[in-house]
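K.L.:
Any chance you can model this:
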Amino acid sequence: MVCTPKLGSNGVSTVGLTRRHFLSGATVLGAAVVTGCTTTLRGEALADPDALREIAARPEVPDTVNITLLVYEPYSKKDGNDLTGPVPEVARKILTDLGVSEIKFTVVKDEQVVIPMVAAGRVELVAGLSVRPDLCGGPVRFSVPDSVSGLAFAVPKGNPKGINTFADVVSKGAKVAVWSGPSLPWENDAIAAGVPRENLVARQSPVEPVTAVRNGEADCFLFDDLAMESFLGNEDGLEKTTPFLPQGRLPLVGAYLFPEDSVLLEPFNAALTELHQSGEWLELAKPFGFTEVNEPPADLTTDKACAG
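P.N.:
Residues are numbered from 1 along each chain as shown. Below is the predicted model:
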């Protein structure tokens with residue numbers, strides 16, 4: 001006997017339904033019944049009927065996701081009309097694997113405007129942020145750690161003063177240029193490591209410290225080891241020292257930010273964790289200058305990063 005699928009009142013056959021249709025509990029149960037046919041079902045029974053109800057109640061991943069992106073090299077950058085870098089590429093990979101059919105990006109410059117919008121649920125996902133205690137908690141949630149970055153110095157070519165560590169800076173009485181501002185860690189890093197405050201050359205943008213070293217106002221520039229590359233790209237007279245971890249605090253931790261009730265957060269976290277464990281994350285990030293050093297340590301959690 002050949003069973004012909006019965007069409008419903010809306011003319012849709014129960015054959016060929018997509019995975020999204022079968023996330024509905026009614027469809028899962030109803031699909032086993034075909035009028036006029038006896039169907040033998042094969043497979044392993046669920047251990048607990050509650051598991052079926054859990055599947056039916058699981059929220060669906062949306063078809064379209066708009067990512068709000070803070071462009072910050074080398075994490076992300078504009079390439080003509082395209083956006084690239086490890087942050088957008090990893091987000092694209094994860095969301096595509098989760099079944100999102102359309103991924104859009106909205107580029108913003110002002111973090112202070114974005115955060116309240118996330119908290120209000122008006123933004124689905126923010127990429128390009130570092131995990132900071134002042135952004136944690138409340139009606140927003142960070143993903144699991146995506147990347148870490150330590151510190152490095154920019155010094156004149158040839159490193160004439162032999163500056164590679166804070167100990168070198170202190171012993172040689174070197175002047176250190178830093179980008180100084182609320183929530184920025186580098187000035188405090190230098191002070192905590194024993195650099196006298198009078199030897200700090202504080203500037204209000206990330207470009208000014210490079211100029212200070214170039215002009216001889218400072219002997220080195222202390223900055224995030226990954227972001228340093230973007231400031232030295234056209235600086236033939238400067239070079240970056242070997243990266244190292246800060247003392248007394250965690251390295252900068254990159255992650256993605258969601259509203260606390262986002263249906264994307266849990267599946268996104270699972271997919272991001274798998275990317276790191278499989279080595280695919282490094283394959284995506286390597287073309288942009290990231291290495292194994294930038295992989296989050298196994299014991300690093302978002303809670304630890306939020307604690308500072």
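
K.L.:
give me the beta-bridge partners of the residue nearest the centre of the chain?
P.N.:
Per Cα atoms, centre = their mean, the C-alpha nearest to the average position across the chain is that of residue 255, at 3.2 Å. Legend: beta-bridge partners of residue 255 under DSSP bridges are residue 129.

K.L.:
and it, what does it touch?
P.N.:
Listed by Cβ atoms under 8 Å, 6 or more residues apart in numbering, the contact partners of residue 255 are 129-131, 142-146, 302, 305. C-beta here means a position set from N, CA and C on the backbone, and glycine is covered the same way.

K.L.:
Closest one of those to residue 95?
P.N.:
Nearest to residue 95 out of the contacts of residue 255 is residue 143 (Cβ to Cβ; 12.2 Å).

K.L.:
Let me know the pLDDT of that closest one.
P.N.:
Per-residue pLDDT puts residue 143 at 98.

K.L.:
Now secondary structure, distance to residue 76 and neighbour count too, for the contacts of residue 255, in a markdown table please.
P.N.:
Output for those, formatted as a markdown table (DSSP: H, G, I helix; E, B strand; the rest coil; distance: Cβ to Cβ, whole Å; neighbours: other Cβ atoms under 10 Å):
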| residue | secondary structure | distance to residue 76 | neighbour count |
| --- | --- | --- | --- |
| 129 | strand | 11 | 25 |
| 130 | strand | 13 | 22 |
| 131 | coil | 16 | 26 |
| 142 | strand | 17 | 26 |
| 143 | coil | 16 | 26 |
| 144 | coil | 19 | 19 |
| 145 | coil | 17 | 23 |
| 146 | coil | 12 | 26 |
| 302 | helix | 20 | 18 |
| 305 | helix | 19 | 24 |
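
K.L.:
what helix or strand is residue 184 on?
P.N.:
Here residue 184 is covered by no helix or strand, with elements defined by DSSP states H and E.

K.L.:
quick one: pLDDT of residue 134?
P.N.:
With respect to pLDDT, residue 134 scores 87.

K.L.:
tell me the secondary structure for it?
P.N.:
When classified by DSSP: H, G, I helix; E, B strand; the rest coil, residue 134 comes out as helix.

K.L.:
hang on, the earlier thing: per-residue confidence for the residue nearest to the centre of the chain?
P.N.:
You'll see residue 255 listed with a pLDDT of 97.

K.L.:
State the distance from it to residue 151.
P.N.:
Noted for residue 255: a distance of 19 Å to residue 151, by Cβ to Cβ, to the nearest Å.

K.L.:
who touches the residue nearest to residue 70 when sequence neighbours are not counted in this structure?
P.N.:
Of all residues not flanking residue 70 in the chain, residue 128 sits nearest, at 3.6 Å (Cβ to Cβ, 6 or more residues apart in numbering). Shown in contact with residue 128 (Cβ under 8 Å, 6+ apart): 69-72, 75-76, 87, 254.

K.L.:
about what we covered before: just the closest of the contacts of residue 255 to residue 189, please.
P.N.:
Out of the contacts of residue 255, the member with the shortest distance to residue 189 (by Cβ to Cβ) is residue 130, at 14.3 Å.

K.L.:
Residue 185 and residue 85, how far apart?
P.N.:
Distance of residue 185 to residue 85, computed by Cβ to Cβ: 22 Å.

K.L.:
the more surrounded of those two?
P.N.:
residue 85 (25 against 21; other Cβ atoms under 10 Å).

K.L.:
wait, isn't that one in contact with residue 78?
P.N.:
No: in this structure residue 85 lies outside contact range of residue 78 using Cβ atoms under 8 Å: 9.2 Å.

K.L.:
does the residue lying closest to residue 242 once chain neighbours are set aside count as helix, strand or coil?
P.N.:
Leaving out its chain neighbours, the residue that sits closest to residue 242 by Cβ to Cβ, 6+ apart is residue 164, at 6.3 Å. Going by three-state DSSP, the secondary structure assigned to residue 164 is coil.

K.L.:
wait, residue 164 sits on residue 239?
P.N.:
No: using Cβ under 8 Å, residue 164 is not in contact with residue 239, being 11.4 Å away.
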